Every structure is written in C-alpha cells, then in structure tokens.
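A.B. asks: This is a predicted model, with the sequence first.
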Amino acid sequence: MATLPDATKPVNATEHVQTSHPNPSLQVTADHQIKMVEAPVQEPGPGDVLLHIKATGVCGSDIHFWKTGRIGSLVVEGDCILGHEAAGVVLKCGEGVTTLRVGDRVAVEPGVPCERCFLCREGRYNLCDDVKFAGVYPYHGTLQRYKVHPAKWLYKIPENVSFAEAALLEPLSVVLHGVKTGGLSLGRPALICGAGPIGLIALAAARASGAHPIVITDLEPKRLAFAKDFVPECVTYQVDRQLSSEENAREVRKLYGEGEYEAPQTVLECTGVESSVVLAAFAVRRGGVVCVIGVGRDIMNNVPFMHVSLAEIDLRFINRYRDTWPAGIACLSGGILDLKKLVTHEFPLEKALDALNVCSDLSNGSIKVQIVDDVDAQI
Ligand SMILES: NC(=O)c1ccc[n+]([C@@H]2O[C@H](COP(=O)([O-])OP(=O)(O)OC[C@H]3O[C@@H](n4cnc5c(N)ncnc54)[C@H](O)[C@@H]3O)[C@@H](O)[C@H]2O)c1
Ligand SMILES: OC[C@H](O)C(O)[C@@H](O)CO
C-alpha cells in the first residue's frame, strides 16, 4: 500500500488506496448537490492515524455549503466530503505515532494549522491562513466511515464520554473560546442571543460558570421552550419582530431589574444576525462585553458604534477555537456540562442525506442531528 506524506492533503484519487472495505461518504458538489458516494480509504502517513468515525454532528455550515456553496471566502469548488464535528476509534497508526494506539477512542479537532506562520507561533493557530479544515473544500471531512487525521489533533476520550458527546466537543470548543473571550463570571448577569446548538451550549456553559441571572433570546418559541427545559434557571425572551432592536433590548433589560448594574455584564451573541448584534449592544450594561460568536451574512452596517463607544462596550469576536479540547473533555467527563439532550436526532451513516434534510428544516424541532456508524469496521 502506498504511504501518503500528508494525510490532510486535498483529495486526489491517485493518492488514495482502494480497499475492499466499503466507505460510504456524504459529498457536496460545486453545483449544490449532496450525494452518498463510495470513497477510497486512505493509508495513514507518518504522524497520522486511520480512524473509524463513530459519530459526526451536522453543523449549520454543512447546510450552507450544500445550499449556497459557500460561507464567506470558503467556497465549494469541487466534490468534498462534509463533516467536522466528530469522534471515532483508532484503527491503524502511521509511522512515528506514539501518543495513540489501535482501539483508542478519540475526539477530532478538525482544523490542522500550518504551525509555521506567525499566528501559529503566537499560539493563535485558529487564525492560521493555511489551516486544513476537515469538511471545508478542498479537505475531506468526517462524514465517511474511514478518515485519516494527524494524531496530534486527536484527543483521547474517557470511557464515561460517549462518541455522541465527544462529537459535541467541536461546537463546545467554539463556546469555550467565546466564554473565555467574553469573560462570564460568578454572580454576574449574562445574556445569550440565539437558542440554536451554539446558543444552548453557551447557556449551559453560562450556568456552569455561575453567571446569574441568564436570559436567552430567540425568535422561535420552540427553541426557547427547549432552552427552558434544558436549563430551567434561565429566563427566555422571544424577540418581537414588530419592535426595533433597541426596543427589544429595553424589554430584555427589564428582565434583569431596573438599574444599570443589573443589566447583563456579558452577552454571548450566537445568531450572526445583525438585528441581534444591535440588540446585544443596547442590552449590555455600560462597560460590559459583547462577544460575537455568530457568523452571518449581514454586513452589520447598523451596529450602533456611537453608543458602543460612549458606553465603552467591549465588542469582541471569535473565530473557531484554540486549545479547547482538553477543557471540553474535562467538562463532559467531570459532569460540569451535560449536553446529551442536545442530540435530538440520530441517523446511520448510510442515511446521512436524511440527516441533512432534517437539519435544514427548522419546523421539526431538531437541535443537533448526528450521524452514527455502529458497524464493526475493521481494516
Ligand atoms: N465563530 C465561530 O467560529 C462559529 C463556529 C460555529 C458556529 N458559528 C455561528 O454561530 C451561530 C449559531 O450557530 P448554531 O449552530 O446555533 O445556528 P442555528 O442557526 O441553529 O441557531 C441560531 C438561532 O438564532 C435564532 N435567531 C435568528 N435570528 C434571531 C434574532 N434576531 N434574535 C434572536 N435569535 C435569532 C434562530 O431562530 C436559531 O435558533 C451561527 O451564526 C454560526 O454560523 C460561529
Ligand atoms: O465550528 C467551526 C465552524 O462551523 C466552521 O468554522 C465552519 O465555518 C466551516 O465548516
């Protein structure tokens, strides 16, 4: 069998090893189709391992890549296997791998940075321009049975963390980076905007951080009902489309009390929608922090910068994560966060198309849809 020097290379059929092992995969095409395709199985190169992917969560970005073919500058220019929220089992180790063994259960950090640029050297590897991110063209993702990944970007998971939970470590990582950047703290009021998977994980993290009170917003009553069931201590606020963002912010503030001191100290914005960012800026107390986690398509021309500057609101942004898996694993394994309820739908790998369809339909109450592969995959 040929050995690949770099397992994260873009796909090139001649560099793949055909085996008799079926490897169903979910691919998106440049012309907005998704299809189940039999993919070749790669051989792990030096420093890499071959994984059996046991669980992958569907992310909103997978739906965007399918429906619109892009997220900002990330464009689907050719066939690409989707999926980046994953966990699996080590099937085979490449040359020089000393940290993992066959049979280890691992969570996947999907972005493999260059480790040479100044940002990588500063430790801000999430901003690396040369990152090879699984499931973002031209790098194949985890919605397949067999996937090669560098051992360095895999984390062993303890027995009390299931594959489904371990696949949640990726969106949890986004939130952990947001929580660190936004600075939630004990007894300080917090606001979470948006009750999708990211907002709900942020809600759980805010509660675990001791923030109090915590209000969460959304437009959808179903999502707010889910939030209330998930974290009963929270207060929910349904954003009123008839009101301006400033008026909605005034209503949100009333939920905390009358004074400026009672207003949220930190807002974690998890919608990526301009009107919600504006609401966040008006709802946060003077001198507070708005951490924008959401990434949307709005140009954000209406963010009230005069108000932001006069109130010295600290507007912060995050892009993915850096060095968050160990803390995420500790949170799940140590019972600090219980995210199991977020997985509302599960599909076998062969039915991955159905999973994406469920995820793209907001009316069915889905939160996190996962694709699991329970077969006994040998190599
Ligand atoms: N910064 C990063 O690295 C990073 C990583 C992952 C996801 N994201 C972004 O985080 C955001 C949330 O991700 P998700 O998976 O939870 O998405 P999602 O679409 O499932 O959830 C967004 C929620 O916001 C709600 N919403 C929409 N408009 C609103 C408004 N005006 N006010 C209040 N709620 C509103 C929606 O009803 C939905 O429940 C997305 O923008 C996503 O792109 C960013
Ligand atoms: O959590 C990571 C995000 O979903 C990714 O950055 C996305 O933009 C690419 O798939």
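C.D. replies: That came through, no problem. Ligands and ions are numbered 1, 2, ... in the order given.
A.B. asks: Which parts of the stretch 1-150 of the chain are strands?
C.D. replies: 24-28, 34-38, 48-57, 70-71, 74-75, 80-81, 85-93, 105-108, 111-112, 132-133, 146-150 (DSSP state E, counting those that start in this stretch).
A.B. asks: What is the longest one packed up against?
C.D. replies: Right, strand 48-57. strand 85-93, strand 105-108, strand 146-150, helix 163-167, strand 368-372 (3 or more C-beta pairs under 8 Å, 6 or more residues apart in numbering; DSSP states H and E). The C-beta positions use only the backbone N, C-alpha and C, and glycine is treated the same way.
A.B. asks: how about these in TSV, adding distance to ligand 2?
C.D. replies: Below are these laid out as TSV (distance: least, C-beta to the nearest ligand atom, whole Å):
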stretch	distance to ligand 2
strand 85-93	7
strand 105-108	12
strand 146-150	15
helix 163-167	12
strand 368-372	13
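A.B. asks: Now do the helices in the stretch 101-250 of the chain.
C.D. replies: Ranges of helices in the stretch 101-250 of the chain, per DSSP state H, counting those that start in this stretch, are 118-122, 163-167, 169-182, 197-209, 221-230, 245-254.
A.B. asks: how about the fourth one against ligand 2, any contact?
C.D. replies: So the one you mean is helix 197-209. No - Helix 197-209 stays clear of ligand 2 (C-beta under 6 Å from any ligand atom), getting no nearer than 8.3 Å.
A.B. asks: And that helix, what's buried?
C.D. replies: Within helix 197-209, the residues scored as buried using 16 or more other C-beta atoms under 10 Å are 197-209.
A.B. asks: cool, the fifth one as well?
C.D. replies: With burial defined by 16+ other C-beta under 10 Å, the residues of helix 221-230 counted as buried are 223-224, 226-228, 230.
A.B. asks: Pull out whichever of those residues are also neighbours of ligand 1.
C.D. replies: Answer for the buried residues of helix 221-230 near ligand 1 (C-beta under 6 Å from any ligand atom): residue 223.
A.B. asks: between the buried residues of helix 221-230, which is closest to residue 251?
C.D. replies: Of all these, residue 224 has the smallest distance to residue 251: 14.0 Å, by C-beta to C-beta.
A.B. asks: how far away is the closest one from residue 237?
C.D. replies: Distance, residue 224 to residue 237, by C-beta to C-beta, to the nearest Å: 8 Å.
A.B. asks: ditto for residue 175
C.D. replies: From residue 175 to residue 237 the distance is 20 Å (C-beta to C-beta).
A.B. asks: Residue 379 now?
C.D. replies: Separation of residue 379 from residue 237 (C-beta to C-beta) stands at 51 Å.
A.B. asks: and the two? which has more neighbours close in?
C.D. replies: Neighbours per residue (other C-beta atoms under 10 Å) separate residue 379 from residue 237, with residue 237 holding more: 20 against 13.
A.B. asks: isn't the more buried one right next to residue 253, touching?
C.D. replies: No - between residue 237 and residue 253 there is no contact under C-beta atoms under 8 Å: 10.2 Å.
A.B. asks: count of residues packed around residue 317?
C.D. replies: Neighbours of residue 317 (other C-beta under 10 Å): 13.
A.B. asks: Where does the prediction get shaky in the stretch 1-150 of the chain?
C.D. replies: Residue ranges of the stretch 1-150 of the chain with pLDDT under 70: 1-19.
A.B. asks: how about the residues of it that lie near ligand 1?
C.D. replies: So the stretch 1-150 of the chain meets ligand 1 at residue 60 (C-beta under 6 Å from any ligand atom).
A.B. asks: Can you name the residue of the stretch 1-150 of the chain nearest ligand 2?
C.D. replies: Relative to ligand 2, the nearest point of the stretch 1-150 of the chain is residue 61 (3.6 Å; C-beta to the nearest ligand atom).
A.B. asks: List the buried residues for stretch 326-341?
C.D. replies: If you call a residue buried by 16+ other C-beta under 10 Å, then stretch 326-341 has these buried ones: 327-329, 331-333, 337, 339.
A.B. asks: hmm, who's touching that stretch?
C.D. replies: The set of residues external to stretch 326-341 that reach it, using C-beta atoms under 8 Å, 6 or more residues apart in numbering, is 107, 155, 157-158, 160-162, 164-166, 168-169, 172-173, 176, 201, 204-205, 208, 229-230.
A.B. asks: what do you get if the cut-off is 10 Å, keeping everything else the same?
C.D. replies: Identification of contacts with stretch 326-341 by C-beta atoms under 10 Å, 6 or more residues apart in numbering yields 107, 109, 155-162, 164-166, 168-173, 175-176, 179-180, 197, 200-201, 204-205, 207-209, 226, 229-230, 321, 324, 367-368.
A.B. asks: Ok, stretch 117-128 next?
C.D. replies: Residues outside stretch 117-128 that contact it (C-beta under 10 Å, 6+ apart): 111-116, 129-131, 173, 177, 318-324.
A.B. asks: Show the buried residues in those.
C.D. replies: 111-113, 131, 173, 177, 318, 320-322, 324.
A.B. asks: wait, what's in contact with the residue sitting nearest the centre point of the chain?
C.D. replies: Centroid-nearest residue in the chain: residue 171, 2.8 Å away (criterion: C-alpha atoms, centre = their mean). Residues in contact with residue 171 (C-beta under 10 Å, 6+ apart) are 57, 59-60, 84-85, 196-198, 200-202, 321, 328, 339, 342, 368.
A.B. asks: Before I go, just wanted to say thanks for your time.
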